[in-house]
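**Student:** after the sequence you'll find the predicted model.
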Amino acid sequence: MIAFLSVFPPFRGGIARFSHHLYEELRQRHTTHAYNFTKLYPPLLFPGTSQTEQGEEPYAVPVLHSHQPLNWRAAGLRMLQAKPQVLVYSHWHPFFAPAMRAAISTMKDRRPGLEVVGLFHNVLPHEYFPGARLLTNRLLEVTDVPVVLSSQTEAEMAVWRPGRDPVRLFHPVYDQPVPAVPTADLRRKHGIRPDETVLLFFGFVRPYKGLDILIEALNRLDLAALNLRILVVGEFYIDPAETLKGIRNEHLPQYEIVNRYVSREEAGEYLALSDALVLPYRSASQSGILSNAVNFQLPVIVSNLPGLTDHVSDGVNGYIHRREDPADLARAIHRFVTEADRPSLRAAMGALKAELGWGTFARRLLGTVGME
């Protein structure tokens, strides 16, 4: 039996969605119990409007309160009731490491043969967090098999924890249905002309994601002459006014800002009607948003970070620019608009989908503990 401790719906966000898809694959192969948080971020650490998503039916058992130490041992004992042979857990931020470690330590003390597999979405956080290395290191001490999802996180762990070689897998592709509505109709719905090239910046807007870099790059181009439309879709976790004031006044008509969390259906529409996804990140472990692009066969324009470029080849399925270099990003955008063979880029992106499936990921993950 497998116990899977992570964040699941109705909590929202990429890790919850990842966990849901992985759980569905694991339970097809072995008896698997999903265990969720009862409380996730305290208000001080969550700048958004809501941590949960309406309409999502909970199925994972809520056991772990991230910031209530009196709960942590009890959470471990609750998970032990199912007598798991393997515990899989997700790590993405050091804030959760003490709760995770306490629950896992309780389980290993009571069940010494328990195999613990840690899915490290991030080794260290994108933004400063006090004690990040110490907290994550303590969690690694109770982990038998650390698993990373990109060359970036593999390199980070190699530098930080020499001799502790993780298993490197990949970020699977989200198999989200493409809207049945024709692209031309979706564009009309959103007021986009057929001759416009649509660049999409998608997801929670945080400093490390580089929206300001994209704006500065676009300021170097004549958006009207290039028939460019810029969509910024996602809830801002930074001051929107401070960021958006950098847009040149004459460019404002070319922008559409959707400052809110959008449903999967809306997200599908924006991905389907766009011509390219732009990820001008300052740092990246890997990207669930990039996996959305693969699913929708959407070319990408990304910074030259290993966590983003593991599966992107310049001029083949997207374009790569130098990190934090607006001038080089502007050149990459201009190349895409004026030179790209867009059908070829889409076909190359679509070819990745078969390689990066959830079934392959689950099989290789289980293979790390001899349960293929």
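**Tutor:** That came in fine, so what should we check first?

**Student:** let me know the pLDDT of residue 59.
**Tutor:** We have a pLDDT of 87 for residue 59.

**Student:** isn't it right up against residue 8?
**Tutor:** Yes. With contacts counted by C-beta atoms under 8 Å, residue 59 reaches residue 8, the gap being 7.3 Å. C-beta here means a position set from N, CA and C on the backbone, and glycine is covered the same way.

**Student:** and the closest residue to residue 300 other than its chain neighbours, what are its phi and psi?
**Tutor:** Leaving out its chain neighbours, the residue that sits closest to residue 300 by C-beta to C-beta, 6 or more residues apart in numbering is residue 318, at 3.9 Å. With angles defined as degrees, to the nearest 10, residue 318 sits at phi 170, psi -170.

**Student:** contacting residues around stretch 253-270?
**Tutor:** Contact partners of stretch 253-270, identified using C-beta atoms under 8 Å, 6 or more residues apart in numbering, comprise 12, 48-50, 53, 176-179, 181, 186, 189-191, 200, 202, 205, 223-224, 228-236, 240, 244, 247, 292, 296.

**Student:** kindly report the same for stretch 15-32.
**Tutor:** Here stretch 15-32 has contacts from 1-4, 6-9, 34, 60, 88, 90, 92, 121, 171-172, 174-175, 288, 358-359, 361-363, 365-366, 371, using C-beta under 8 Å, 6+ apart.

**Student:** which of the residues you listed are buried? Put it as a ChimeraX command.
**Tutor:** To isolate the buried subset of the contacts of stretch 15-32 in ChimeraX, counting by 16 or more other C-beta atoms under 10 Å, use the following:
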select :2,3,4,6,7,8,9,34,60,88,90,92,121,171,172,174,288,358,361,362,365,366,371
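
**Student:** restricted to strands, list the contacts of stretch 15-32.
**Tutor:** 2, 3, 4, 34, 88, 90 (DSSP state E).

**Student:** does the second one touch residue 86 like I think?
**Tutor:** So that's residue 3. Yes. Contact criterion C-beta under 8 Å: residue 3 and residue 86 qualify, at 7.3 Å.

**Student:** ok so, going back, so how do I select the buried members of the contacts of stretch 253-270 in ChimeraX?
**Tutor:** In ChimeraX, a selection of the buried entries from the contacts of stretch 253-270 looks like this (16+ other C-beta under 10 Å):
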select :12,53,176,179,186,200,202,205,223,228,229,230,231,232,233,234,235,236,244,247,292,296
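
**Student:** in strands, which of the contacts of stretch 253-270 appear?
**Tutor:** Short answer: these in strands (DSSP E) are 200, 202, 228, 229, 230, 231, 232, 233.

**Student:** including pLDDT, could the residues you listed go into JSON lines?
**Tutor:** As requested, those are exported to JSON lines (pLDDT from 0 to 100):
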{"residue": "200", "pLDDT": "98"}
{"residue": "202", "pLDDT": "94"}
{"residue": "228", "pLDDT": "97"}
{"residue": "229", "pLDDT": "97"}
{"residue": "230", "pLDDT": "97"}
{"residue": "231", "pLDDT": "97"}
{"residue": "232", "pLDDT": "97"}
{"residue": "233", "pLDDT": "96"}
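
**Student:** now for residue 180, how many residues are close by?
**Tutor:** By other C-beta atoms under 10 Å, 7 other residues sit near residue 180.

**Student:** for the most centrally placed residue in the chain, which non-adjacent residue is closest in space?
**Tutor:** Central residue of the chain (C-alpha atoms, centre = their mean): residue 288, 3.2 Å from the mean position. Distance criterion C-beta to C-beta, 6+ apart; nearest residue to residue 288, sequence neighbours excluded, is residue 14 at 3.9 Å.

**Student:** list the contacts for the one you found?
**Tutor:** 203, 288, 289.

**Student:** by pLDDT, give me the weakest of these.
**Tutor:** residue 288 (79).

**Student:** any idea how far the lowest-mean-pLDDT helix or strand in the chain is from the chain center?
**Tutor:** Using mean pLDDT, DSSP states H and E, helix 151-160 stands out as the lowest-scoring helix or strand of the chain, at a mean of 82. Distance of helix 151-160 from its chain centroid, counting by C-alpha atoms, centre = their mean, to the nearest Å, is 18 Å.

**Student:** which parts of it are buried?
**Tutor:** Within helix 151-160, the residues scored as buried using 16+ other C-beta under 10 Å are 151, 152, 153, 154, 156, 157.

**Student:** tell me the domain ranges of this structure?
**Tutor:** Following automatic domain parsing, one finds the domains of the chain at 2-172+357-367, 183-355.
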